[in-house]
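Q: how would this look folded up:
(one chain, ligands or ions: 1)
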Amino acid sequence: MLSTLKAGAEQLGVPLSDEMAAKQLRLLDELDEWNQRMNLTAIRERGQQITKHLLDSLSVVAHLDGSRVIDIGTGAGFPGLPLAIVLPDVHFTLLDSTAKKLKFIDHVCTALQISNVETVHTRAEAFRPKERYDCVVSRAVGPVETFVKWSGHLCVGGGRLLAMKGRYPTDEVQKLPNGWKLAAVHRLTIPGLDEERHLVEICRSHDKV
Ligand code: SAM
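A: A predicted model of the protein is given here:
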């Protein structure tokens, strides 16, 4: 499993140190353990977890920039936790409206000594941080236009909203709220996954693409 993870990450352009790879796999061990008590993920087979949770999360590394990133509707910490492990100098806020999932994330951060993550329990649309974010990322949290409506205020001027999607969301990207425009849609290839993945990149209408 370690070699599958390392080879996949390498293919994504995210070479993992031994320590980073070990932390990614320990994250899955903790997920399995907590999953016996609460429903954190339906993906229980280790190979699938590596592909659909770890590598899928790491596929957006190349599209992140800046020193502050927020993951909206992070659930059990995806994509935020795998990203925080490989980008220790970036501050990650992992936000969700369900407290029990954030307890899991807090536990993992303590157990794995991940110090660049804070969790926030609230709805995205209600969150008013002291400092806004360079990148606002989200996976599997509804249509793109809803994500922008809920989370646009969290993004710095010149920052980006990044929605991780399966198939190209043709209809959704045509309904962006006023003040926002499509910067790009990136086709992502996840090693070992025979499914489509796209990353929708959105910026303010007045920003240069
Ligand atoms: N991003 C994770 C993943 O891909 O595995 C979890 C996706 S799960 C389908 C959607 C998550 O979004 C849930 O954990 C839910 O509690 C959270 N959520 C839904 N609406 C939200 C809102 N308005 N603000 C914050 N979190 C929200």
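Q: what about the closest residue to K52 other than its chain neighbours, neighbour count?
A: Counting by CB to CB, 6 or more residues apart in numbering, I43 is the residue found nearest to K52 once chain neighbours are left out, at 5.4 Å. (C-beta placed from N, C-alpha, C; glycine too.) Number of residues near I43 (other CB atoms under 10 Å) recorded here: 16.
Q: Dihedrals phi and psi, I43?
A: phi -90, psi 110 (degrees, to the nearest 10).
Q: Please identify the buried residues of the lengthiest strand in the chain?
A: Assignment by DSSP state E gives strand 155-165 as the longest strand of the chain. Neighbour-count burial for strand 155-165, counted by 16 or more other CB atoms under 10 Å, picks out C155, G159, R160, L161, L162, A163, M164, K165.
Q: Can you name the residues bridging to the last one?
A: Yep, that's K165 we're talking about. On the basis of DSSP bridges, K165 is bridged to H198.
Q: Wait, it touches E201, no?
A: No: counting by CB atoms under 8 Å, K165 stays clear of E201, with 11.1 Å between them.
Q: What are the boundaries of the helices in this protein?
A: Per DSSP state H, the chain carries helices over the ranges 2-11, 18-35, 46-49, 56-58, 80-86, 99-111, 144-151.
Q: okay if I get those as CSV plus distance to A184, mean pLDDT and mean neighbour count?
A: Shown next, in CSV, are the helices of the chain (distance: least, CB to CB, whole Å; pLDDT from 0 to 100; neighbours: other CB atoms under 10 Å):
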stretch, distance to A184, mean pLDDT, mean neighbour count
helix 2-11, 21, 95, 17
helix 18-35, 27, 97, 17
helix 46-49, 29, 96, 15
helix 56-58, 19, 98, 25
helix 80-86, 19, 98, 26
helix 99-111, 29, 97, 17
helix 144-151, 13, 97, 21
